[in-house]
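*Asks:* sequence first, then the predicted structure:
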Amino acid sequence: MKRIRVLDSHTGGEPTRLVLDGGPDLGTGPLDERVARFRQNFDAYRSAIVNEPRGSDTVVGALLVPPHRAGCEVGVIFFNNVGYLGMCGHGTIGLVASLAHLGRIRPGRVGLDTPVGAVEAELHADGRVSVANVPSFRKTKNFVARVPGFGDVRGDIAWGGNWFFLVAEHTLALKLTHLEALTDFTWRVRQAVNTQGHPEVDHVELFAPSPAAGAHSRNFVLCPGKAYDRSPCGTGTSAKLACLADDGKLAEGATWVQESVIGSRFEGRYRWLDRAKGEVAPVITGTAHIMAEATLHLDERDPFCWGIRA
Ligand code: PYC
(Lines give C-alpha, C1' and ligand atoms only; values in the text may rest on other atoms or scores of the structure.)
Protein backbone atom coordinates (compact mmCIF):
# COMPACT_ATOMS: atom_id res chain seq x y z
CA MET A 1 0.00 0.00 0.00
CA LYS A 2 1.36 3.42 -1.00
CA ARG A 3 0.35 6.47 0.97
CA ILE A 4 0.43 10.01 -0.46
CA ARG A 5 -0.11 12.96 1.85
CA VAL A 6 -1.95 15.84 0.19
CA LEU A 7 -3.42 19.23 1.04
CA ASP A 8 -6.41 20.37 -1.00
CA SER A 9 -7.23 24.04 -1.58
CA HIS A 10 -9.23 26.03 -4.09
CA THR A 11 -8.42 29.35 -5.67
CA GLY A 12 -11.49 31.15 -6.96
CA GLY A 13 -13.27 27.78 -7.15
CA GLU A 14 -10.45 25.95 -9.01
CA PRO A 15 -8.94 23.11 -6.94
CA THR A 16 -5.25 22.42 -6.28
CA ARG A 17 -4.05 19.18 -4.71
CA LEU A 18 -0.61 19.75 -3.21
CA VAL A 19 1.46 16.56 -2.83
CA LEU A 20 3.50 16.81 0.37
CA ASP A 21 4.89 13.26 0.77
CA GLY A 22 4.73 9.93 -1.01
CA GLY A 23 4.86 11.25 -4.59
CA PRO A 24 7.37 10.01 -7.17
CA ASP A 25 11.07 10.69 -6.61
CA LEU A 26 12.15 12.60 -9.72
CA GLY A 27 15.76 13.03 -8.65
CA THR A 28 17.62 16.28 -9.14
CA GLY A 29 18.39 18.68 -11.99
CA PRO A 30 16.43 21.31 -13.94
CA LEU A 31 12.67 21.06 -13.51
CA ASP A 32 11.97 20.67 -17.24
CA GLU A 33 14.11 17.50 -17.12
CA ARG A 34 12.32 16.29 -14.00
CA VAL A 35 8.90 16.82 -15.59
CA ALA A 36 10.07 14.71 -18.55
CA ARG A 37 11.02 11.96 -16.04
CA PHE A 38 7.60 12.30 -14.37
CA ARG A 39 5.87 11.87 -17.76
CA GLN A 40 8.10 9.01 -18.86
CA ASN A 41 8.43 6.91 -15.71
CA PHE A 42 5.78 7.95 -13.18
CA ASP A 43 2.73 9.10 -15.14
CA ALA A 44 0.53 6.62 -13.24
CA TYR A 45 1.07 8.78 -10.11
CA ARG A 46 -0.36 11.79 -11.97
CA SER A 47 -3.48 9.81 -12.79
CA ALA A 48 -3.80 8.28 -9.31
CA ILE A 49 -3.62 11.72 -7.67
CA VAL A 50 -5.91 13.86 -9.85
CA ASN A 51 -8.14 11.54 -11.86
CA GLU A 52 -11.35 9.90 -10.69
CA PRO A 53 -12.16 8.21 -8.38
CA ARG A 54 -9.92 10.26 -6.00
CA GLY A 55 -10.01 13.45 -8.03
CA SER A 56 -11.85 14.89 -11.02
CA ASP A 57 -11.17 16.57 -14.36
CA THR A 58 -10.87 19.94 -12.64
CA VAL A 59 -8.19 19.05 -10.08
CA VAL A 60 -4.70 20.41 -10.70
CA GLY A 61 -1.96 18.52 -8.87
CA ALA A 62 1.16 20.25 -7.54
CA LEU A 63 4.18 18.12 -6.70
CA LEU A 64 6.57 19.82 -4.29
CA VAL A 65 10.19 19.16 -5.27
CA PRO A 66 13.57 20.55 -4.28
CA PRO A 67 14.34 23.63 -6.44
CA HIS A 68 17.18 23.75 -8.96
CA ARG A 69 17.38 27.44 -9.93
CA ALA A 70 19.43 29.70 -7.70
CA GLY A 71 17.31 31.99 -5.53
CA CYS A 72 14.31 29.65 -5.38
CA GLU A 73 13.22 28.13 -2.06
CA VAL A 74 10.64 25.70 -3.46
CA GLY A 75 10.22 23.72 -6.67
CA VAL A 76 6.82 22.72 -8.07
CA ILE A 77 5.52 20.66 -10.98
CA PHE A 78 1.85 21.12 -11.91
CA PHE A 79 -0.23 18.42 -13.60
CA ASN A 80 -3.82 17.71 -14.54
CA ASN A 81 -6.17 15.01 -15.86
CA VAL A 82 -4.30 14.69 -19.17
CA GLY A 83 -0.72 15.80 -18.59
CA TYR A 84 1.60 18.49 -17.27
CA LEU A 85 1.37 22.29 -17.12
CA GLY A 86 4.27 24.71 -17.61
CA MET A 87 3.05 27.01 -14.87
CA CYS A 88 -0.23 27.44 -13.05
CA GLY A 89 -1.36 30.73 -11.53
CA HIS A 90 -4.26 29.50 -9.44
CA GLY A 91 -2.11 26.52 -8.39
CA THR A 92 0.71 28.79 -7.24
CA ILE A 93 -1.72 30.83 -5.15
CA GLY A 94 -3.02 27.55 -3.68
CA LEU A 95 0.53 26.30 -3.04
CA VAL A 96 1.54 29.46 -1.19
CA ALA A 97 -1.67 29.49 0.90
CA SER A 98 -1.05 25.80 1.70
CA LEU A 99 2.55 26.40 2.79
CA ALA A 100 1.29 29.22 5.01
CA HIS A 101 -1.39 26.92 6.46
CA LEU A 102 1.34 24.38 7.32
CA GLY A 103 3.40 27.10 9.01
CA ARG A 104 6.23 26.62 6.48
CA ILE A 105 6.20 30.24 5.31
CA ARG A 106 5.20 33.59 6.77
CA PRO A 107 4.01 36.74 4.96
CA GLY A 108 6.72 37.87 2.56
CA ARG A 109 8.34 36.65 -0.63
CA VAL A 110 9.07 33.10 -1.74
CA GLY A 111 10.98 32.08 -4.87
CA LEU A 112 9.48 29.17 -6.82
CA ASP A 113 11.19 27.07 -9.44
CA THR A 114 8.91 25.74 -12.22
CA PRO A 115 9.59 23.86 -15.47
CA VAL A 116 9.15 27.10 -17.46
CA GLY A 117 11.07 29.52 -15.27
CA ALA A 118 11.42 31.16 -11.89
CA VAL A 119 8.34 32.71 -10.31
CA GLU A 120 8.22 34.92 -7.25
CA ALA A 121 5.18 34.77 -5.00
CA GLU A 122 4.30 37.14 -2.20
CA LEU A 123 2.09 36.13 0.71
CA HIS A 124 0.36 39.26 2.00
CA ALA A 125 -0.55 39.74 5.66
CA ASP A 126 -4.28 39.43 4.82
CA GLY A 127 -3.75 36.03 3.14
CA ARG A 128 -3.90 37.21 -0.47
CA VAL A 129 -1.14 35.95 -2.72
CA SER A 130 0.58 37.78 -5.59
CA VAL A 131 2.42 35.81 -8.25
CA ALA A 132 5.12 37.50 -10.35
CA ASN A 133 4.80 35.12 -13.27
CA VAL A 134 7.23 34.14 -16.01
CA PRO A 135 7.76 36.66 -18.86
CA SER A 136 4.66 36.69 -21.06
CA PHE A 137 4.16 37.79 -24.66
CA ARG A 138 1.88 37.59 -27.70
CA LYS A 139 3.20 35.41 -30.49
CA THR A 140 0.52 36.06 -33.16
CA LYS A 141 -2.12 38.76 -33.40
CA ASN A 142 -5.38 38.17 -35.28
CA PHE A 143 -4.89 34.52 -36.19
CA VAL A 144 -8.00 33.34 -38.05
CA ALA A 145 -8.99 29.73 -37.41
CA ARG A 146 -11.45 28.09 -39.78
CA VAL A 147 -13.72 26.22 -37.34
CA PRO A 148 -16.10 23.63 -38.88
CA GLY A 149 -19.68 24.54 -38.03
CA PHE A 150 -18.71 28.00 -36.75
CA GLY A 151 -16.80 29.68 -39.58
CA ASP A 152 -13.81 31.97 -39.08
CA VAL A 153 -12.79 32.65 -35.47
CA ARG A 154 -10.23 35.41 -34.91
CA GLY A 155 -7.95 35.50 -31.88
CA ASP A 156 -4.45 36.02 -30.50
CA ILE A 157 -1.90 33.35 -29.64
CA ALA A 158 -0.02 34.25 -26.46
CA TRP A 159 2.21 32.73 -23.78
CA GLY A 160 1.64 33.28 -20.06
CA GLY A 161 3.35 30.14 -18.71
CA ASN A 162 1.08 28.00 -20.93
CA TRP A 163 -0.07 28.62 -24.52
CA PHE A 164 -3.43 30.30 -25.10
CA PHE A 165 -5.71 31.24 -27.98
CA LEU A 166 -7.56 34.36 -26.80
CA VAL A 167 -10.89 35.19 -28.46
CA ALA A 168 -12.92 38.33 -27.91
CA GLU A 169 -15.12 38.14 -31.05
CA HIS A 170 -17.77 35.46 -30.52
CA THR A 171 -21.50 35.32 -29.89
CA LEU A 172 -21.65 33.12 -26.77
CA ALA A 173 -22.81 34.32 -23.36
CA LEU A 174 -20.20 33.56 -20.67
CA LYS A 175 -22.67 32.09 -18.18
CA LEU A 176 -22.69 28.92 -16.07
CA THR A 177 -25.96 27.94 -17.76
CA HIS A 178 -24.09 27.77 -21.12
CA LEU A 179 -21.20 25.52 -20.11
CA GLU A 180 -21.97 22.81 -22.65
CA ALA A 181 -22.05 25.24 -25.58
CA LEU A 182 -18.94 27.06 -24.32
CA THR A 183 -17.02 23.79 -23.96
CA ASP A 184 -18.12 22.53 -27.38
CA PHE A 185 -17.16 25.79 -29.11
CA THR A 186 -13.76 26.21 -27.42
CA TRP A 187 -12.87 22.54 -27.98
CA ARG A 188 -13.58 22.89 -31.73
CA VAL A 189 -11.63 26.14 -31.81
CA ARG A 190 -8.67 24.44 -30.13
CA GLN A 191 -8.73 21.57 -32.61
CA ALA A 192 -8.83 24.03 -35.52
CA VAL A 193 -5.98 26.15 -34.13
CA ASN A 194 -3.90 23.00 -33.47
CA THR A 195 -4.36 21.60 -36.95
CA GLN A 196 -3.97 24.99 -38.69
CA GLY A 197 -0.41 25.70 -37.64
CA HIS A 198 -0.35 26.05 -33.86
CA PRO A 199 -0.13 22.63 -32.17
CA GLU A 200 1.36 24.25 -29.06
CA VAL A 201 -1.94 25.91 -28.04
CA ASP A 202 -3.64 23.87 -25.30
CA HIS A 203 -5.86 26.47 -23.62
CA VAL A 204 -8.63 28.55 -25.25
CA GLU A 205 -9.86 31.69 -23.56
CA LEU A 206 -13.07 33.58 -24.43
CA PHE A 207 -13.64 37.13 -23.20
CA ALA A 208 -16.76 39.26 -22.75
CA PRO A 209 -17.71 42.28 -20.65
CA SER A 210 -18.48 41.37 -17.04
CA PRO A 211 -22.06 41.86 -15.86
CA ALA A 212 -20.70 42.79 -12.39
CA ALA A 213 -19.34 46.12 -11.25
CA GLY A 214 -15.60 46.44 -10.77
CA ALA A 215 -14.42 43.78 -13.23
CA HIS A 216 -12.88 44.78 -16.57
CA SER A 217 -13.74 41.49 -18.22
CA ARG A 218 -15.17 38.01 -17.73
CA ASN A 219 -13.55 34.93 -19.22
CA PHE A 220 -14.22 31.29 -19.93
CA VAL A 221 -11.05 29.18 -20.10
CA LEU A 222 -10.94 25.71 -21.59
CA CYS A 223 -8.12 23.67 -20.04
CA PRO A 224 -6.12 20.98 -21.90
CA GLY A 225 -8.23 18.07 -20.61
CA LYS A 226 -11.57 19.74 -21.58
CA ALA A 227 -12.47 20.96 -18.08
CA TYR A 228 -13.10 24.69 -17.73
CA ASP A 229 -11.13 26.77 -15.28
CA ARG A 230 -13.30 27.87 -12.36
CA SER A 231 -10.76 30.58 -11.56
CA PRO A 232 -9.93 33.41 -14.00
CA CYS A 233 -6.73 31.44 -14.84
CA GLY A 234 -3.46 33.02 -13.73
CA THR A 235 -1.47 32.05 -16.81
CA GLY A 236 -4.42 32.99 -19.04
CA THR A 237 -4.67 36.39 -17.36
CA SER A 238 -0.90 36.81 -17.88
CA ALA A 239 -1.35 36.10 -21.59
CA LYS A 240 -4.23 38.62 -21.67
CA LEU A 241 -2.06 41.28 -19.97
CA ALA A 242 0.64 40.75 -22.63
CA CYS A 243 -1.96 41.36 -25.38
CA LEU A 244 -3.44 44.40 -23.62
CA ALA A 245 0.04 45.86 -23.14
CA ASP A 246 1.01 45.29 -26.78
CA ASP A 247 -2.27 46.87 -27.98
CA GLY A 248 -1.72 49.90 -25.72
CA LYS A 249 -5.02 49.17 -23.94
CA LEU A 250 -3.64 48.91 -20.39
CA ALA A 251 -0.94 51.12 -18.92
CA GLU A 252 2.08 49.67 -17.14
CA GLY A 253 1.24 49.30 -13.42
CA ALA A 254 -2.54 49.77 -13.90
CA THR A 255 -4.85 47.11 -12.42
CA TRP A 256 -6.88 44.73 -14.61
CA VAL A 257 -9.68 42.88 -12.79
CA GLN A 258 -10.35 39.58 -14.53
CA GLU A 259 -13.48 37.66 -13.57
CA SER A 260 -14.06 33.96 -14.24
CA VAL A 261 -17.23 32.40 -15.61
CA ILE A 262 -18.24 31.59 -11.99
CA GLY A 263 -17.61 35.19 -10.86
CA SER A 264 -14.31 34.72 -8.97
CA ARG A 265 -11.65 37.37 -9.56
CA PHE A 266 -7.92 37.94 -10.02
CA GLU A 267 -6.22 41.30 -10.16
CA GLY A 268 -3.48 41.63 -12.74
CA ARG A 269 -0.88 44.23 -13.61
CA TYR A 270 2.33 44.22 -15.61
CA ARG A 271 5.73 45.79 -16.03
CA TRP A 272 7.43 46.09 -19.40
CA LEU A 273 10.44 43.82 -19.92
CA ASP A 274 10.99 44.50 -23.63
CA ARG A 275 8.59 46.77 -25.52
CA ALA A 276 10.02 45.89 -28.93
CA LYS A 277 9.38 42.19 -28.31
CA GLY A 278 6.08 42.86 -26.50
CA GLU A 279 7.39 41.03 -23.44
CA VAL A 280 5.90 41.82 -20.03
CA ALA A 281 6.36 40.70 -16.42
CA PRO A 282 2.81 40.03 -15.16
CA VAL A 283 1.71 39.95 -11.52
CA ILE A 284 -1.52 38.16 -10.59
CA THR A 285 -3.18 38.48 -7.19
CA GLY A 286 -5.84 36.19 -5.72
CA THR A 287 -6.92 34.21 -2.68
CA ALA A 288 -6.98 30.49 -1.93
CA HIS A 289 -8.84 28.54 0.75
CA ILE A 290 -7.75 25.28 2.38
CA MET A 291 -10.31 22.48 2.02
CA ALA A 292 -8.75 19.23 3.26
CA GLU A 293 -5.66 17.52 4.62
CA ALA A 294 -5.70 13.90 3.57
CA THR A 295 -3.73 10.74 2.93
CA LEU A 296 -4.44 9.01 -0.39
CA HIS A 297 -4.27 5.22 -0.22
CA LEU A 298 -2.96 3.47 -3.34
CA ASP A 299 -3.91 -0.16 -2.84
CA GLU A 300 -2.95 -2.43 -5.74
CA ARG A 301 -5.99 -4.64 -4.99
CA ASP A 302 -8.14 -1.70 -6.09
CA PRO A 303 -8.75 -2.02 -9.88
CA PHE A 304 -8.84 1.79 -10.08
CA CYS A 305 -5.84 2.30 -7.81
CA TRP A 306 -4.08 4.38 -10.52
CA GLY A 307 -7.17 6.33 -11.52
CA ILE A 308 -9.66 5.95 -14.37
CA ARG A 309 -7.77 6.48 -17.59
CA ALA A 310 -8.79 6.35 -21.26
O1 PYC B 1 -4.41 29.48 -13.13
O2 PYC B 1 -2.81 29.33 -14.62
C3 PYC B 1 -3.83 28.91 -14.09
C4 PYC B 1 -4.42 27.65 -14.57
C5 PYC B 1 -4.01 26.90 -15.64
C6 PYC B 1 -4.87 25.80 -15.71
C7 PYC B 1 -5.77 25.89 -14.69
N8 PYC B 1 -5.48 27.03 -14.00
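*Replies:* Right, received. Where do you want to start? Small disclaimer: the values here were computed from a predicted structure and weren't measured.
*Asks:* ok, residue 164 - contacts?
*Replies:* 157, 158, 201, 203, 204, 205, 235, 236, 239 (Cβ atoms under 8 Å, 6 or more residues apart in numbering). Just so you know, the C-beta spots here come from the backbone N, C-alpha and C atoms, and that holds for glycine as well.
*Asks:* and the second one, helix, strand or coil?
*Replies:* In this case it means residue 158. Secondary structure for residue 158, judged by DSSP: H, G, I helix; E, B strand; the rest coil, is strand.
*Asks:* name the nearest residue to it, ignoring sequence neighbours.
*Replies:* Leaving aside its chain neighbours, residue 158 sits nearest to residue 239 (3.8 Å; criterion: Cβ to Cβ, 6 or more residues apart in numbering).
*Asks:* can you verify my assumption that that neighbour contacts residue 165?
*Replies:* No. Judged on Cβ atoms under 8 Å, residue 239 makes no contact with residue 165 at a distance of 9.3 Å.
*Asks:* so what pairs up with the closest residue to residue 92 other than its chain neighbours in the strands?
*Replies:* Distance criterion Cβ to Cβ, 6+ apart; nearest residue to residue 92, sequence neighbours excluded, is residue 131 at 4.8 Å. Beta bridges link residue 131 to residue 121, residue 284 when assigned by DSSP bridges.
*Asks:* who touches residue 131 in this structure?
*Replies:* By Cβ under 8 Å, 6+ apart, the neighbours of residue 131 are 89, 92, 93, 96, 119, 120, 121, 234, 283, 284, 285.
*Asks:* please tell me how far it sits from residue 303.
*Replies:* Using Cβ to Cβ, to the nearest Å, residue 131 is found at 39 Å from residue 303.
*Asks:* what's the answer for residue 179, then?
*Replies:* Between residue 179 and residue 303 the distance, using Cβ to Cβ, works out to 31 Å.
*Asks:* same check on residue 195?
*Replies:* Separation of residue 195 from residue 303 (Cβ to Cβ): 36 Å.
*Asks:* who has more neighbours out of these two?
*Replies:* Neighbour count, other Cβ atoms under 10 Å: between residue 195 and residue 303, residue 195 has more, with 11 against 7.
*Asks:* would you confirm that residue 136 contacts residue 239?
*Replies:* Yes. Contact criterion Cβ under 8 Å: residue 136 and residue 239 qualify, at 5.9 Å.
*Asks:* which neighbours do these two share?
*Replies:* 158, 159, 160.
*Asks:* now do the longest helix along the chain: which elements does it pack against?
*Replies:* Longest helix in the chain, counting residues (DSSP state H): helix 179-195. Under the contact definition 3 or more Cβ pairs under 8 Å, 6 or more residues apart in numbering; DSSP states H and E, helix 179-195 sits against strand 137-147, strand 151-159, strand 163-167, strand 203-208, strand 217-222.
*Asks:* export those strands to CSV and append columns for mean pLDDT.
*Replies:* As requested, the helices and strands packed on helix 179-195 are exported to CSV (pLDDT from 0 to 100):
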stretch, mean pLDDT
strand 137-147, 98
strand 151-159, 98
strand 163-167, 98
strand 203-208, 98
strand 217-222, 98
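*Asks:* out of these, the one nearest residue 230 is which?
*Replies:* strand 217-222 (9.2 Å; Cβ to Cβ).
*Asks:* helix or strand right after that closest one?
*Replies:* Sequence-wise, the next helix or strand downstream of strand 217-222 (DSSP states H and E) is helix 234-246.
*Asks:* gap between that following helix and the chain center?
*Replies:* 13 Å (Cα atoms, centre = their mean, to the nearest Å).
*Asks:* now that helix against strand 203-208, angle please.
*Replies:* 60 degrees (axes from the mean of the first three to the mean of the last three Cα atoms, to 10 degrees).
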